[in-house]
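Visitor: sequence first, then the predicted structure, then my questions.
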Protein chains: 4
Amino acid sequence: MPPTQQQFASDNYAGICPDAMRAMELANRGSAQAYGDDQWTVRAANAFRTTFETECELFFVFNGTAANSLALAALCQSYESIIASDIAHVETDECGAPEFFSNGAKILVARGEGGKLTPDAIRAFALGRTDIHFPRPRAVTITQPTETGQLYSLEEIGDIARTCRELGLRLHMDGARFANAIESLGCSPADMTWRAGVDVLSFGGTKNGMAIGEAVLFFDPALANGFDYRCKQAGQLASKMRFLSAPWAVMFETGAWRTNAAHANACARHFADQVAGLPGVDILFPVQANAVFLKLPPDVTAALHERGWIFYSFIGDSARFMFAWDSDWARIDTLVQDLRDITGARPSPEQS
Amino acid sequence: MPPTQQQFASDNYAGICPDAMRAMELANRGSAQAYGDDQWTVRAANAFRTTFETECELFFVFNGTAANSLALAALCQSYESIIASDIAHVETDECGAPEFFSNGAKILVARGEGGKLTPDAIRAFALGRTDIHFPRPRAVTITQPTETGQLYSLEEIGDIARTCRELGLRLHMDGARFANAIESLGCSPADMTWRAGVDVLSFGGTKNGMAIGEAVLFFDPALANGFDYRCKQAGQLASKMRFLSAPWAVMFETGAWRTNAAHANACARHFADQVAGLPGVDILFPVQANAVFLKLPPDVTAALHERGWIFYSFIGDSARFMFAWDSDWARIDTLVQDLRDITGARPSPEQS
Amino acid sequence: MPPTQQQFASDNYAGICPDAMRAMELANRGSAQAYGDDQWTVRAANAFRTTFETECELFFVFNGTAANSLALAALCQSYESIIASDIAHVETDECGAPEFFSNGAKILVARGEGGKLTPDAIRAFALGRTDIHFPRPRAVTITQPTETGQLYSLEEIGDIARTCRELGLRLHMDGARFANAIESLGCSPADMTWRAGVDVLSFGGTKNGMAIGEAVLFFDPALANGFDYRCKQAGQLASKMRFLSAPWAVMFETGAWRTNAAHANACARHFADQVAGLPGVDILFPVQANAVFLKLPPDVTAALHERGWIFYSFIGDSARFMFAWDSDWARIDTLVQDLRDITGARPSPEQS
Amino acid sequence: MPPTQQQFASDNYAGICPDAMRAMELANRGSAQAYGDDQWTVRAANAFRTTFETECELFFVFNGTAANSLALAALCQSYESIIASDIAHVETDECGAPEFFSNGAKILVARGEGGKLTPDAIRAFALGRTDIHFPRPRAVTITQPTETGQLYSLEEIGDIARTCRELGLRLHMDGARFANAIESLGCSPADMTWRAGVDVLSFGGTKNGMAIGEAVLFFDPALANGFDYRCKQAGQLASKMRFLSAPWAVMFETGAWRTNAAHANACARHFADQVAGLPGVDILFPVQANAVFLKLPPDVTAALHERGWIFYSFIGDSARFMFAWDSDWARIDTLVQDLRDITGARPSPEQS
């Protein structure tokens, strides 16, 4: 099958990055004990602990839906609730997985700017309904970067975490694109998580360049009690675990997890810069990670689709473009040029 | 990391077979749509339908626990029950996953020879408790080959299926080692499944030589209604699906799924032949697939462990040896020789 | 214990009406078979079928949360969703019970006037998200009368039901105060339910004057398959069933179910008439059943509480007053007089 | 409806005892706050605490299935397991409710004498499977008296409790017929529960003479955290709670809970004494509470049924006779006489 022309509909359209593929090949030498009792899993765990500068408990699962839902199920009982943004992936794109894995916990959604929760919104829920007829809030989940590519600053995360502690809530971070946030903020993983007060992190590997796999990190070991059984029961324990863990080990060791993210972020930045100011084209949210959301006139959207471009329009009728570790500069420029052509922009100065 | 010396503790100690690895590399060229809207997934689906000679509905999930549990959850309500053998993997090794995914369905276990259910055992459950205070039977699950490596003949499967139909029960087959059964019986996949009356099949890819992945096949499309949502909600929908589907496509096309299984079966046969008759060593079950269970004196078990051999003893204090696509003849012979040495067997004729 | 002075905080502050109490006493003569195999349960079932003019399947459960949640669980799978009003009891006051009993089905809430769903709102959800990443809509629930005491007309119910059929959705009616709606609309139970297209009804007995108990009626018997097991497993099968069923039998036979509701409705009407026009007092919703919601100045609210009046303020800061089968005219007038005194209203003409 | 002739098929064939009925009538005076914020519920709670000589946390639920299942769900996670006797009600007669309420916890059944667990059986499970592929034991449940009417002595309960503590397990007591055990052992409720090491108790009211209702008592308050929400979500929070709680209050105050049980026990003793030695009739288990199990020849069973006697034969083909607070001596004697007639016994000495 010939390769398909690159699209920017999602960062999960990208394949496996070279370091992850090499890791799988290296891990494929000989026998290895199953279910994580292998050297690659030890090596990956060590890499995580070094990277996060703490003895966290960690678990490898297959995808982000499982990572988020199992983490949240570990934080709340069925009769409790989870505070999330109205565009949080757990609310809008996991087909009720948090409710399923927790056996009925309710997601309380707060409207916010670009998917960002605030201490006030959290407080409003926690102090709002306190009677027995409504699921009591027990966990808060924030997505970093958010589904529209925005970032919480370290201060904002710290404020949210303090609010959570005050109110007896646990804090989960959905880091499906964790690496992109780290690269963009230029901070350490420890600062963005446990030092700021995050209890549990879903760390995305798939969008970072792996074939399959996410990690769940518990910074409070007490919360991890039984999580290994929980994963097993939920069909999330890989027998040939080394093929999930080796890519993490290698990508941490080579730094690919960061260079991949840095590339994706740079592509988004570049794309946004190129299309800024095109007639009728508006950039909807600050471009802080690897996503660019454009407000396009309907005929522009149609013309792009006609030229073969694939993209989603699920948030506010916008066109979402996501960049990945493998995004090709030339292909981005083709997209920019198509947008220029369609919108009738005058040639840009450097092109004239 | 240097490769570890091969063990025969489980067929999931084996790595990725060459065809599966090549498939992942081929699938890694360029962009692909996510969640199964890609050419590799179409190609794999076609390969399945050709191989099974029917337009079955099929779904790719991450592991066998998920495949079995989701299939069973699709067959019964929470207040219903599932008839299984007392050594069925769903009962003994999935940490309550069928109960979890079905939200409470009960597994009714029948004692049987080597994990084989009989029409009589099924009938006894179905006609036994019929009052509202006990979960009504709704599904039957058989493992082919069984957990001790035994096979149901086509006639036996047909008899069970007819019993199920009579009693209003649905029939699921746990085919974690489906390919080994096919190779051993020498029959067609269609004959061993839908033509015999099986409704749903879990077809194992991991033990057959893949990194990760199982398929769930519904031969009655009505039963598959909503199963795509069920998988998504349960955290079993891979975003980069091509890396789950491509190995199936290539392994069906090259026939590796059968040659891998044939090799594993032959290794088991060979090992059993070599150790038959060693002093104090009993072969516990007929060797019909890729498993050999030995009854060993405790000192022999200890001595084997001392020489570095890893194996499980979870069924009746036996030592289980499982062979895989990559089992090495020389390494098997080393194990045989160690057993000979330990048991003090006289040199075999060909060695003398 | 001396009787407490009557309050109008909720219609579940009322006790057991005379006919229901007498029924329990009558049912208490001698032995009876358990779990519904008794004559009172047969008699109650017949009374239901006569009243609804159809051979519906019916089940007695303990409370409204169970009635609604089990009914909805019977209509949808865990990966499906339920369309409800934003003030529906299932959404706001059942502590996640629908999510729990269905193992994760999501409630999609539509904002509406006084808790009333519209065909357009239903259509918007059903046609909105149709991808696998969001729970597919499968059921609609309407409350009749709504939580603010409004009624759907027969035409409105019919329109909603037709919309449901078109879209492949099932229609549930939460009739916690079903009798109040029947009395107010003056129509037959059949016209307000199955003839209009309702599939399943939760019929409230507790607020109608019983100690404990609701009924779930399936007008499409196919939907009731297994519901007896579902109730048993969910802890909703009463062993001494006669004490749940006898009150239904007697209250249908004597007509108390209607006279109780008629009294409560008349009390609400009377109260609303008396307080209309009091300074600073606004009646928030049309008074069509047994509820009156008042918008009161904060000092009036405080003064009422000071005089010992209990009432809830959970919808829009309003004060809710609910009337029951036992509401006492004199006590209502005391409340009215207190409101007059507090608001400084001039004496009403008939009082001067 | 004329009263039906008394049967001894189950103690839930009995009606409401006079004190319970009077309590409901007393509680029916005037308004009361809903959901347990009423004086009767306070009074009942006090009575419990006095009776058990401890500040336990307690909750009223509708039936025994709910009491047991919610208690067990509070003790274990979905991926954990519950050790029970093979004839425990939770295993054989609750239609998978423990699995449902816990979202998948597995019941591990131990064969025992007359439904009695032993420390050895518990230890065998707790130390047996300790790998991640099997649900880890977390709770033990014992039925006092057992389903065949046997009693654990205080020493036996203490031994089991100590075993549980050693192994990190929680101990639940299913006291559906708790009062019968107390009367038979002649000990205090405190001695039979928390002083012996029981963590949670389901205390049965229905079989003790109430219309509806059981209590769940937590002797370790930490375990009760959130149980109010759990009950609400599970459809087990009565709105008119006073009708569940008042019977407890009155029956504790008058001592009816004990006299009812004493009567039932005496009837069982009397019946057993009368039928002992009848030709072909064997008493199967020691008669220590209110149950008598007879081994009868098939023709005797048939002849009893022919004479209109109802009884169950679900344990070992035996005929179970259960006596209740209202069992009528004359009616028991009629049954005895019928058995004498059928078995052709010579007239008993006192009758001659």
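Guide: That came through, no problem.
Visitor: rest of the way, CA atoms for contacts and neighbours
Guide: Noted.
Visitor: show me how far stretch A:10-18 is from its chain's centre.
Guide: Relative to its parent chain, stretch A:10-18 has a centroid offset of 14 Å by C-alpha atoms, centre = their mean, to the nearest Å.
Visitor: got the end-to-end distance for it?
Guide: One end of stretch A:10-18 sits 19 Å from the other (C-alpha to C-alpha, to the nearest Å).
Visitor: now it: average pLDDT?
Guide: In this model, stretch A:10-18 has a mean pLDDT of 97.
Visitor: quick one: contacts for the spatially most central residue of chain A?
Guide: Centroid-nearest residue in chain A, with C-alpha atoms, centre = their mean: A:Ala176, separated by 1.8 Å. Neighbour list for A:Ala176: A:64, A:143-144, A:202-205, A:207 [criterion: C-alpha atoms under 8 Å, 6 or more residues apart in numbering or on different chains].
Visitor: again, only using 6 Å
Guide: A:Ala176 is in contact with A:203-204, counting by C-alpha atoms under 6 Å, 6 or more residues apart in numbering or on different chains.
Visitor: check A:Met192 too.
Guide: Applying C-alpha under 6 Å, 6+ apart, no residues qualify as near A:Met192.
Visitor: after the lengthiest strand in chain A, which helix or strand is next?
Guide: The longest strand of chain A (DSSP state E) is strand A:136-143. For strand A:136-143, the following helix or strand on the C-terminal side (DSSP states H and E) is helix A:154-167.
Visitor: that following helix: which residues count as buried?
Guide: A:154, A:156-164 (16 or more other C-alpha atoms under 10 Å in any protein chain shown).
Visitor: quick revisit: how about the longest strand of chain A and chain D, any contact?
Guide: No. Shown here: strand A:136-143 not in contact with chain D (C-alpha under 6 Å from any C-alpha of the partner chain), separated by at least 8.2 Å.
Visitor: tell me if that strand is near chain C.
Guide: No. Shown here: strand A:136-143 not in contact with chain C (C-alpha under 6 Å from any C-alpha), separated by at least 8.2 Å.
Visitor: what strands flank that strand, and is each parallel or antiparallel?
Guide: Using DSSP bridges, strand A:136-143 pairs in its sheet with strand A:80-85 (parallel), strand A:170-175 (parallel).
Visitor: quick check: next helix or strand after the last one?
Guide: What that stands for is strand A:170-175. Following strand A:170-175 toward the C-terminus (DSSP H and E): helix A:178-185.
Visitor: so, low pLDDT: which residues of the stretch 251-352 of chain A?
Guide: A:314-316, A:346-352 (pLDDT under 70).
Visitor: tell me which stretches of it form helices.
Guide: A:256-275, A:298-306, A:329-343 (DSSP state H, counting those that start in this stretch).
Visitor: which residues are contacting the longest one?
Guide: Under the contact criterion C-alpha under 6 Å, 6+ apart, helix A:256-275 has outside partners A:179-180, A:183, A:251, A:289-291, A:323-325.
Visitor: one more pass at 7 Å, please.
Guide: A:19, A:179-180, A:183, A:208, A:251, A:287, A:289-292, A:323-325, A:327, A:332, A:336 (C-alpha atoms under 7 Å, 6 or more residues apart in numbering or on different chains).
Visitor: mind checking which of these land in strands?
Guide: Checked against DSSP E, the contacts of helix A:256-275 include these in strands: A:291-292.
Visitor: next one: A:Phe252 from A:Phe52, what distance?
Guide: From A:Phe252 to A:Phe52 the distance is 11 Å (C-alpha to C-alpha).
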